[in-house]
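Trainee: Build me a structure from this.
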Amino acid sequence: MSLPKTFLWGGATAANQYEGAYQEDGKGISIADVERSGKHGTPRTIDSSVQEGVFYPSHEATDFYHHYKEDIALFAEMGFKCYRMSIAWTRIFPNGDDETPNEAGLQFYDDVFDELHKYGIEPIVTLHHYEMPLNLVQKYGSWRNRKLVDFAVKYAKTVFTRYKDKVKYWMTFNEGNSLLISPRPWHQAGIIYQEDENENDVKLQASHHQLLASALSVIEGKKINPDFRIGCMLLYPLTYAYTCQPIDQVLTRNKMLRTYYWGDVQVRGYYTNTCKAFQESIHGSFTMEPGDEDILRKGTVDFIGFSYYFSQVESNEPLMELVGNVAKGGRNPYLEITKWGWQIDPIGLRVALNNLYDRYQIPLFIVENGMGAIDEITPDEKIHDDYRIQYLEEHLKAMKDAVEIDHVDLMGYTMWGCTDLVSAGTGEIKKRYGFIYVDRDDKGNGTFRRIRKDSFYWYKDLIASNGAILK
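Mentor: Numbering: from 1, shown residues only. This is a model prediction of the structure:
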């Protein structure tokens with residue numbers, strides 16, 4: 001076997017980390033718009049509203065809103081077959097509960113999709129990528145409140161209808177299972193715990209409401225266009241047992257419950273034994289209403305998108321702990337780590353692909369993978385990012401092995417942060433992922449000029465060969 005000719009090579013971004021123009025053309029305030037930058041490796045500070053004189057990195061980000069034609073032309077130059085992006089809910093419904101959508105926001109995405117199609121690039125669109133309307137948090141208590149299901153489905157139906165002939169591939173919630181993994185699920189659900197709350201009850205209830213919104217969106221989307229392919233998107237922090245002690249195997253399995261919880265419901269259509277074991281393990285409970293089980297059963301997804309950045313270990317013994325992309329895990333002595341403490345495990349991507357495909361037997365899509373690094377510009381304005389090329393080359397070799405040797409059904413690969421953007425975790429821009437350098441720093445300085453990195457040309461050659469240059 002080899003990668004199919006239809007394999008979707010591309011890159012991925014998210015609106016709140018890339019678009020900027022946070023109040024332009026009627027856009028409302030999202031939860032990302034009140035997040036200040038953190039320092040290297042530290043979480044971001046969350047304000048209750050936009051404060052005067054404070055720098056918020058999402059407000060301008062790296063300004064795709066005003067550079068989309070230039071950026072899409074660069075994607076086309078690399079040979080992208082697809083581009084994974086998100087729609088900002090607040091561009092369509094500025095407050096989330098508005099009666100009518102914002103036409104200027106709808107038109108912006110029309111223009112983006114038209115530009116992508118001009119170059120033959122397939123849009124892969126995420127409905128919810130860490131950017132819900134702040135008004136829904138302040139007025140309704142966020143995803144604790146079942147009313148948000150109706151608001152989310154109205155938003156989904158609006159964009160499904162508008163773009164029914166321009167977008168084929170959709171995903172509902174970005175890294176949905178990270179709501180259960182994160183100790184502070186602000187990005188995922190706009191939640192800050194109150195003193196009298198049972199945190200685990202809140203997590204499970206918010207998850208249930210989002211899973212209902214996802215299922216209903218699938219159901220409604222298929223009515224609008226039966227040819228839509230609508231997937232889920234999971235965070236996949238692969239976990240190994242640290243030792244061959246039997247108890248380490250049990251603990252590793254228990255850690256993965258959080259990962260499979262969302263996948264089981266979105267693919268199988270019900271709360272499985274894995275889900276129930278997780279609920280009991282955290283002593284949490286939530287309320288289901290009559291008809292919910294039927295909704296979940298009918299609204300299953302067509303494919304699984306997932307992010308893979310690192311692996312971790314679990315043990316009954318004390319371990320050095322690292323934090324990467326929400327998940328915490330033990331240090332693996334066999335792996336190198338990035339400057340941000342994320343463990344580099346290319347073979348783990350092959351393991352992850354096999355684990356997911358063996359469990360669910362539906363097509364997979366790697367929609368996030370990459371390495372944040374500090375890039376230096378030479379005096380002649382070159383960026384020699386051999387470290388990024390090496391990282392991607394090793395991961396993509398493992399990906400090919402999963403397809404060619406293990407017969408995993410894989411739709412495509414979109415590298416995260418194909419152009420420089422704001423880090424979701426820390427708000428930094430100096431933590432760069434992209435093939436394209438953007439002249440912007442963590443204090444808001446820069447011209448937004450785009451510069452091709454060495455990895456830009458490497459990825460171009462890779463796509464042109466459909467992965468054949470990987471040896």
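
Trainee: Going by C-alpha atoms from here, please, whenever you check contacts or count neighbours.
Mentor: Fine.

Trainee: Arg162 and Cys82, how far apart?
Mentor: With distances taken as Cα to Cα, to the nearest Å, Arg162 is found 20 Å from Cys82.

Trainee: more crowded one of those two?
Mentor: Cys82 (25 against 16; other Cα atoms under 10 Å).

Trainee: The more buried one pairs with what?
Mentor: With DSSP bridges applied, Cys82 shows beta-bridge pairing to Gly10, Glu122.

Trainee: low-confidence ranges in the protein?
Mentor: 1, 39-42, 325-326 (pLDDT under 70).

Trainee: Mind naming the longest helix for it?
Mentor: In terms of residue count, the longest helix belonging to the chain (DSSP state H) is helix 199-224.

Trainee: buried ones in that helix?
Mentor: Neighbour-count burial for helix 199-224, counted by 16 or more other Cα atoms under 10 Å, picks out 199-222.

Trainee: and what of stretch 46-62?
Mentor: 46, 55-62.

Trainee: And stretch 279-299, by the same measure?
Mentor: So for stretch 279-299, counting by 16+ other Cα under 10 Å, buried means 279, 284-285, 295-299.

Trainee: quick one on the thing from earlier: now the element after the longest helix of the chain, going C-ward?
Mentor: Downstream of helix 199-224, the next assigned helix or strand under DSSP states H and E is strand 229-235.

Trainee: Return the list of helices and strands in contact with that next one.
Mentor: strand 169-173, helix 246-263, strand 304-307 (3 or more Cα pairs under 8 Å, 6 or more residues apart in numbering; DSSP states H and E).

Trainee: just how off-centre is the longest one within its chain?
Mentor: Okay, so that is helix 246-263. Relative to the chain's own centre, helix 246-263 is displaced by 21 Å; criterion: Cα atoms, centre = their mean, to the nearest Å.

Trainee: Now do the buried residues in that helix.
Mentor: Result for helix 246-263 [16+ other Cα under 10 Å]: buried residues 248-249, 251-263.

Trainee: just to revisit the earlier point, mind putting the helices and strands packed on strand 229-235 into JSON lines with distance to Gly348?
Mentor: JSON lines is the format used below for the helices and strands packed on strand 229-235 (distance: least, Cα to Cα, whole Å):
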{"stretch": "strand 169-173", "distance to Gly348": "24"}
{"stretch": "helix 246-263", "distance to Gly348": "14"}
{"stretch": "strand 304-307", "distance to Gly348": "12"}
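
Trainee: out of these, which comes closest to Lys471?
Mentor: Of all these, it is strand 304-307 that lies closest to Lys471, at 23.8 Å by Cα to Cα.

Trainee: Am I right that Thr239 is in a helix?
Mentor: No. In this structure, Thr239 is strand, not part of a helix, as judged by DSSP: H, G, I helix; E, B strand; the rest coil.

Trainee: isn't it right next to Phe310, touching?
Mentor: No. Applying Cα atoms under 8 Å, one finds Thr239 not in contact with Phe310, separated by 9.2 Å.

Trainee: ok, those two, which is more surrounded?
Mentor: Phe310 (25 against 20).

Trainee: How about the contacts made by the residue lying closest to that one once chain neighbours are set aside?
Mentor: Spatially, and ignoring its direct neighbours in sequence, Phe310 is nearest to Gln343 (5.2 Å; Cα to Cα, 6 or more residues apart in numbering). Gln343 is in contact with 309-312, 331-332, 335-337, counting by Cα atoms under 8 Å, 6 or more residues apart in numbering.

Trainee: next one: Ser142
Mentor: Ser142 neighbours (Cα under 8 Å, 6+ apart): 136, 148, 189-191.

Trainee: now, the most widely separated pair of those?
Mentor: Leu148 and Ile191 (13.0 Å).

Trainee: Give me the phi and psi angles of the spatially closest residue to Pro237 that is not a sequence neighbour.
Mentor: Once flanking residues are discounted, Pro237 sits nearest to Ser311: 5.5 Å by Cα to Cα, 6+ apart. The phi/psi pair for Ser311 (degrees, to the nearest 10) reads phi -120, psi 170.
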